[in-house]
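# Need the 3D shape of this:
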Amino acid sequence: MKNAGGPNERRIIWNAAGDAGDFVRASHHASDGTITQVVTENDCAVCHEEPGANHMDGVVNLKNPDGGTFTITDLQENPGEAVTIQDNLCLPCHDNLGATVTWNTTEGTSETQPFSNQTRAAVPDVNAQFDTGNDFFHPVKGVTGTTHPGLNATSLLSPWDTNIGNQTMTCFDCHQTNAHGSDNQRMLISAFDIDGILTADVADDSSLLPDQGAAIESFCTSCHNPDVYSSGSITNASVFESHGTRQNQHSGTPGNNALGCLGCHAGIFTGRAGKGGCNVQIPNGAATGNTHGGSYTWPNDACFDTPLLATDHFLLGGWLNGWGPSGNCAGGECNHSGGKSYTTALD
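Numbering: from 1, shown residues only. Okay, here's the model as predicted:
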């Protein structure tokens with residue numbers, strides 16, 4: 001990894017003498033949940049293999065957290081190395097077992113809390129969320145094979161608008177390449193306030209930061225065409241246009257969709273009540289991580305329109321309380337009343 005100042009400079013990772021290091025950013029590995037720098041040399045060894053002759057040998061020597069080592073040169077200049085890093089570092093650590101071999105046994109807590117001073121929960125099992133046997137998933141561990149007409153050369157941006165259903169992506173299509181730390185929550189390529197959504201007063205959209213709908217939309221339209229899903233200037237490419245004007249508005253004046261794409265998709269529940277004034281709520285954040293993929297069955301309670309029915313198409317967002325097998329979303333507290341049946345040819 002290189003600094004912007006030149007091709008052979010040491011990366012500034014340590015926060016000292018006024019330098020802005022990687023481990024004081026809003027989101028970083030080896031964290032106590034704050035922006036305080038708590039990383040130790042034993043934490044570095046969870047991911048890096050740089051003793052003796054390996055140091056300054058012209059490559060980055062990394063560890064597979066489940067055993068073994070591998071090398072890369074520079075991900076920013078050689079994007080093909082993304083798969084190597086993902087398959088040998090990211091996913092082996094972000095699974096149900098964590099860093100089984102390389103965790104910091106001196107100062108860490110466990111394999112799934114591998115760094116020192118770690119107060120956050122165990123690493124999420126992202127590996128399982130990408131499993132190709134799930135009901136829905138982004139194509140990281142394998143292709144989707146989808147033939148859904150709503151995923152087409154118009155609704156997706158380049159390079160995803162060709163060979164649809166047969167492409168794969170990597171962690172770095174959504175997350176930044178500096179795995180030490182980022183100014184964006186969850187090290188995303190563009191920022192929105194995930195933590196704020198998960199701690200919001202679910203009965204009051206005004207507790208969200210302004211323009212979060214637009215920020216979420218900006219993140220998702222890195223791959224999904226904004227002219228289809230934001231402005232609506234392109235038609236006949238997605239069932240999204242079946243919604244009325246207010247549903248298409250992802251930000252702006254009160255009454256619009258303050259959660260943007262997450263109002264319908266991806267698993268950031270806001271804990272809103274079920275249908276008909278029921279007080280039963282899905283806990284806020286109950287299905288986080290389903291942006292990656294997953295399989296989700298709605299709770300077995302009459303307050304939800306489709307109890308015990310598995311959802312589809314990532315449709316488990318904050319405004320919904322169910323999903324029907326015939327392509328019918330159950331509205332919950334969505335801006336339209338009741339469900340919305342899609343009647344276009346893109347069902």
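# now the helices for this protein?
41-47, 82-85, 91-93, 126-129, 194-198, 212-220, 226-229, 245-248 (DSSP state H).
# Go through these and pick out the most buried.
Of all these, helix 91-93 carries the top mean neighbour count, a mean of 23, counting by mean count of other Cβ atoms under 10 Å. Backbone N, C-alpha and C define where each C-beta goes, glycine included.
# quick check, distance from that one to the centre of its chain.
Remark: helix 91-93 is offset 16 Å from the chain centroid, using Cα atoms, centre = their mean, to the nearest Å.
# tell me what that helix is packed against?
Judged by 3 or more Cβ pairs under 8 Å, 6 or more residues apart in numbering; DSSP states H and E, the packing partners of helix 91-93 are helix 126-129.
# about what we covered before: right, and the helices of the chain - which one's nearest Arg25?
helix 194-198 (14.0 Å; Cβ to Cβ).
# neighbouring contacts of that closest one?
185-186, 208-209, 212, 259, 262, 268, 270, 284-285, 288, 318 (Cβ atoms under 8 Å, 6 or more residues apart in numbering).
# If we ignore the residues flanking it in sequence, what's nearest Glu50?
Asn61 (5.5 Å; Cβ to Cβ, 6 or more residues apart in numbering).
# residues in contact with that neighbour?
For Asn61, the contact set (Cβ under 8 Å, 6+ apart) comprises His48, Glu49, Glu50, Asn54, Thr69, Phe70, Thr71.
# Could you single out the nearest of these to His138?
Checking the contacts of Asn61 against His138 with Cβ to Cβ, the nearest one is Phe70 at 23.9 Å.
# partner residues bridging the closest one?
Bridge pairing for Phe70 (DSSP bridges) gives the partners Leu62.
# Quick check, pLDDT for it.
Per-residue confidence (pLDDT) for Phe70: 94.
# same deal with the one 3 residues further on?
Thr73 is assigned a predicted lDDT (pLDDT) of 85.
# shouldn't His48 be in contact with Leu62?
Yes. Because the distance of 6.2 Å satisfies Cβ atoms under 8 Å, His48 is recorded as touching Leu62.
# The two: which is more packed in?
Relative neighbour count places Leu62 above the other of His48 and Leu62, with 21 against 17, counting by other Cβ atoms under 10 Å.
# quick one, what contacts the more buried one?
Residues in contact with Leu62 (Cβ under 8 Å, 6+ apart) are Cys47, His48, Glu49, Thr69, Phe70, Thr71, Ile72, Ile85, Asn88, Leu89.
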